[in-house]
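Enquirer: everything below, folded, please.
(one chain, ligands or ions: 1)
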Amino acid sequence: MSERRSESGFPVKPIYRAEDLPADLAERLGEPGEYPFTRGVYPTMYTSRPWTMRQYAGFGTAAESNARYRQLLAAGTMGLSVAFDLPTQMGYDSDASIAHGEVGKVGVAIDSIEDMRVLFSEIPLDKVSTSMTINAPASVLLLLYQLVAEEHGVPGSALSGTIQNDILKEYIARGTYIFPPKPSLRLVSDTFAYCRKEIPRWNTISISGYHMAEAGATPVQEIAFTLANGVAYVRAALEAGLNVDDFAPRLSFFFVARTTLLEEVAKFRAARRIWARIMREEFGAQNPKSWMLRFHTQTAGVQLTAQQPEVNLIRVAVQALGAVMGGTQSLHTNSYDEAIALPTEKAARLALRTQQVIAYESDLTATVDPFAGSYVVEAMTDEIEQAAVALMEQVADYGSAVEAIEAGFQKREIESSAYRIAQEIDNGDRVVVGVNRFTLDEEEPYEPMRVDPAIEAAQAARLAELRASRDNAAVDRALADLRAAAEGTENVLYPMKEALRARATVGEVCGALREVWGVYRPSDRF
Ligand SMILES: C[C@H](C(=O)O)C(=O)SCCNC(=O)CCNC(=O)[C@H](O)C(C)(C)COP(=O)(O)OP(=O)(O)OC[C@H]1O[C@@H](n2cnc3c(N)ncnc32)[C@H](O)[C@@H]1OP(=O)(O)O
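Expert: A predicted model of the protein is given here:
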């Protein structure tokens, strides 16, 4: 049999022994909840509270998504995770010509405070933590959330949640960027500063490797490029005059969980250790919370198959086990039909049930970091750590993650990994059950859920009504204030909030910033 290799490309030995453990294992491990956090960020981990079960959802109108969130909460989900449609993610209103055909497709369409009000209607914002997958316009959606919470009588100090707000990986892998890197990083730093004062429990960013992994990154590339982006955000915030311990405790991360469970557990442990060291040693952070890498995990969508979709239930369970054994803080388990279309209600429920079985029927919440001391997992943790640190040094050789992005480095590296994976699937070296082995002659029919195309017209009508009923002169004045702040150095979130309160739309606010900051055009070196 040919030599087995891990996803990161290292040989995997048939047997690991005590001699594979480092001599200083105890030091590398530390205690749970203590530096370097190899064993997890909290001393008690799931023995006192399981991870947050947080299912990413959103489609169609705000009213439809609100109904799905309430179903999820009733089914036992512990936090919300909002998916926005592409026009919202790109900072365009539903009636913009560029939005045509995309309204409400991959997430919910949000144009103004009026949609946001509907989205969170009858949801207790002082109790539920809400994650919003929004990047270039992250500050805009966060302020809309805060405005709606204030209407519910919930102050910013009582809000908890996360905005993805990770623009650098958009340039590398996800694609929903608007502005060039420099003003984008300024917007990120402004958001850090704003949240520290106004919404102190908010996780201001979710520095994400997930999308790079979906694009083909290996586990080592995933954590190295993500942590390198993290370093770039920290530097930008320091350059903007913030103190490291004032914002670092609220940085969070987001990774994938693949079916290669052992390597994934090692990856999570290695990532925690690298980040702790960088924050303490390189940036001199004093607050232990600044050293903690807290992360959300999503099971690997790219590994799901349209063929025999029920098999995905099994894949997701294996992937979720890896996330839990790796110490995730929050988890989304994919629905088995996600490779085909938006999840149906039943599929979404089953995905959540997968987490509940792990949390409440298995013994994984009874003890912390079950793989500690495992010959293979400890060896893999060290191996991934070393390789990721070496790759981060390659990024640093460009100056920072930003210059490496501009030179196309991360994208090229990820693409060559993706090519290797595709070749292995094609030639059968990589087994994908139901696709290149154990196939059926005829697939069973499956009825996917579809979004009603009529919602585009409905959103456009709502917008026309909004523009007719608001004080447009007040909106223009507020947008002028926002532009002035963007031209200067004042924190843009304060005038932005006033514009949104006056019912400026997401598209208008982003449009005002586009006028000042311009838009990013990727170099053709990619
Ligand atoms: C693919 C798709 C796309 O491309 O469109 C996407 O991107 S989907 C992307 C979707 N992304 C997401 O959904 C991101 C989700 N991310 C998050 O929720 C956050 O960033 C997170 C990873 C830090 C998790 O936050 P969380 O609130 O759920 O969980 P935490 O671990 O912070 O726990 C909540 C509170 O309980 C406390 N707590 C928890 N466990 C313990 C314990 N064992 N002992 C003591 N305290 C504990 C924490 O300190 C915290 O309090 P306190 O707050 O007071 O400290």
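
Enquirer: what about the residue in the stretch 351-500 of the chain that the ligand sits nearest to, which SS state?
Expert: Closest approach of the stretch 351-500 of the chain to the ligand (Cβ to the nearest ligand atom) occurs at V368, with a separation of 8.9 Å. Using the backbone N, CA and C atoms, a C-beta is placed for each residue, glycine as well. Under the three-state scheme (DSSP: H, G, I helix; E, B strand; the rest coil), the conformation of V368 reads as coil.

Enquirer: show the pLDDT at it.
Expert: Taken from the predicted model, the pLDDT recorded for V368 is 98.

Enquirer: quick check, it in contact with T38.
Expert: No - the criterion here is Cβ atoms under 8 Å, and V368 misses it with T38 at 11.2 Å.

Enquirer: these two: which is more packed in?
Expert: Neighbours of V368 and T38, each counted by other Cβ atoms under 10 Å, are more numerous for T38; the result is 25 against 19.

Enquirer: do a quick rundown of the strands in the stretch 251-400 of the chain.
Expert: Taking DSSP state E, counting those that start in this stretch as the test, the strands found in the stretch 251-400 of the chain are 251-257, 295-299, 330-332.

Enquirer: any chance of those strands in JSON lines, plus distance to the ligand and mean pLDDT?
Expert: What follows is those, written out as JSON lines (distance: least, Cβ to the nearest ligand atom, whole Å; pLDDT from 0 to 100):
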{"stretch": "strand 251-257", "distance to the ligand": "3", "mean pLDDT": "98"}
{"stretch": "strand 295-299", "distance to the ligand": "3", "mean pLDDT": "98"}
{"stretch": "strand 330-332", "distance to the ligand": "4", "mean pLDDT": "97"}
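
Enquirer: could you dump the ones you listed to a markdown table with mean neighbour count?
Expert: Formatted as a markdown table, these follow (neighbours: other Cβ atoms under 10 Å):
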| stretch | mean neighbour count |
| --- | --- |
| strand 251-257 | 27 |
| strand 295-299 | 28 |
| strand 330-332 | 27 |
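
Enquirer: reformat these as JSON lines; add distance to I113.
Expert: Formatted as JSON lines, the strands of the stretch 251-400 of the chain follow (distance: least, Cβ to Cβ, whole Å):
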{"stretch": "strand 251-257", "distance to I113": "26"}
{"stretch": "strand 295-299", "distance to I113": "27"}
{"stretch": "strand 330-332", "distance to I113": "27"}
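
Enquirer: quick one: which of these is nearest G104?
Expert: The closest approach between G104 and any of those, judged by Cβ to Cβ, belongs to strand 330-332 at 20.4 Å.

Enquirer: near the ligand, which residues of this structure?
Expert: Counting by Cβ under 6 Å from any ligand atom, the residues of the chain lying close to the ligand are 42, 44-45, 48-49, 52, 54, 56, 79, 81, 83, 129, 131, 133, 160, 162, 164, 174, 201, 203, 206, 210-211, 252, 254, 294-296, 298, 329-330.

Enquirer: and the residue of the stretch 351-500 of the chain closest to the ligand, its phi and psi?
Expert: Per-residue torsions, V368: phi -90, psi 140 (degrees, to the nearest 10).

Enquirer: please report how far it lies from Y46.
Expert: 7 Å (Cβ to Cβ, to the nearest Å).

Enquirer: ditto for Q394
Expert: From Q394 over to Y46 (counting by Cβ to Cβ), the distance is 36 Å.

Enquirer: of these two, who's got more company?
Expert: Set side by side, Q394 and Y46 give different neighbour counts by other Cβ under 10 Å, the larger being at Y46 (19 against 14).

Enquirer: helix/strand/coil for the more buried one?
Expert: Judged by three-state DSSP, the three-state class of Y46 is helix.

Enquirer: quick check: which ranges of the protein have low pLDDT?
Expert: 1-2, 524-526 (pLDDT under 70).

Enquirer: 80 instead?
Expert: Counting by pLDDT under 80, the chain contains low-confidence residues at 1-2, 446-451, 523-526.

Enquirer: need the helices for the stretch 301-450 of the chain, in chain order.
Expert: If DSSP state H, counting those that start in this stretch is used as the criterion, the helices of the stretch 301-450 of the chain fall at 311-325, 345-360, 375-397, 401-406, 409-426.

Enquirer: show me where the stretch 151-300 of the chain has helices.
Expert: All helices of the stretch 151-300 of the chain, identified by DSSP H, counting those that start in this stretch, fall at 167-169, 181-198, 210-214, 219-239, 244-247, 261-277, 288-291.

Enquirer: so how far is the last one off the chain centroid?
Expert: When you say that, I think you mean helix 288-291. Centroid displacement of helix 288-291 relative to its chain, using Cα atoms, centre = their mean, to the nearest Å, is 20 Å.

Enquirer: over to the fifth one?
Expert: Here helix 244-247 shows a centroid-to-chain-centroid distance of 21 Å under the convention Cα atoms, centre = their mean.

Enquirer: now swap in the second one and tell me
Expert: For helix 181-198, the distance from its own C-alpha centre to the chain's C-alpha centre is 18 Å (Cα atoms, centre = their mean).

Enquirer: now the angle from it to helix 219-239?
Expert: An angle of 70 degrees separates the directions of helix 181-198 and helix 219-239 when computed by axes from the mean of the first three to the mean of the last three Cα atoms, to 10 degrees.

Enquirer: for helix 181-198, packing partners?
Expert: In terms of contacts (3 or more Cβ pairs under 8 Å, 6 or more residues apart in numbering; DSSP states H and E), helix 181-198 is packed against helix 138-151, helix 167-169, strand 205-208, helix 219-239, helix 244-247, helix 401-406, helix 493-501, helix 506-517.

Enquirer: can you list these in a markdown table and add mean neighbour count?
Expert: A markdown table is the format used below for the helices and strands packed on helix 181-198 (neighbours: other Cβ under 10 Å):
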| stretch | mean neighbour count |
| --- | --- |
| helix 138-151 | 23 |
| helix 167-169 | 27 |
| strand 205-208 | 27 |
| helix 219-239 | 25 |
| helix 244-247 | 18 |
| helix 401-406 | 22 |
| helix 493-501 | 22 |
| helix 506-517 | 22 |
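
Enquirer: re earlier: out of the helices of the stretch 301-450 of the chain, flag the one nearest R272.
Expert: Counting by Cβ to Cβ, R272 lies closest to helix 375-397 out of the helices of the stretch 301-450 of the chain; the figure is 9.6 Å.

Enquirer: identify all contacting residues around the closest one.
Expert: Contacts with helix 375-397, where a contact means Cβ atoms under 8 Å, 6 or more residues apart in numbering, come from 6, 8, 10, 12-13, 16-18, 20-22, 25, 28, 38, 219-221, 223-225, 227-228, 231, 262-263, 265-267, 269-271, 273-274, 371-372, 401, 404, 409-410.

Enquirer: pull out the buried members of the residues of the chain next to the ligand.
Expert: Buried members of the residues of the chain next to the ligand, scored by 16 or more other Cβ atoms under 10 Å, are 42, 45, 52, 54, 56, 79, 81, 83, 129, 131, 133, 160, 162, 164, 174, 203, 206, 210-211, 252, 254, 294-296, 298, 329-330.

Enquirer: can I get the helix or strand that contains V475 as CSV, trimmed to CA atoms?
Expert: Taking DSSP states H and E as the criterion, V475 maps to helix 472-487. Below are the C-alpha coordinates for helix 472-487, written out as CSV (Å, rounded to 0.1, in the frame of the first residue of the first chain):
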residue,chain,number,x,y,z
ASN,A,472,-34.4,62.9,2.3
ALA,A,473,-32.7,66.2,3.1
ALA,A,474,-31.8,64.8,6.5
VAL,A,475,-30.4,61.6,4.9
ASP,A,476,-28.3,63.7,2.5
ARG,A,477,-26.9,65.8,5.4
ALA,A,478,-26.1,62.6,7.3
LEU,A,479,-24.4,61.1,4.3
ALA,A,480,-22.3,64.3,3.8
ASP,A,481,-21.2,64.0,7.4
LEU,A,482,-20.2,60.4,6.8
ARG,A,483,-18.2,61.4,3.7
ALA,A,484,-16.4,64.1,5.6
ALA,A,485,-15.4,61.6,8.4
ALA,A,486,-14.2,59.2,5.7
GLU,A,487,-12.0,61.9,4.2
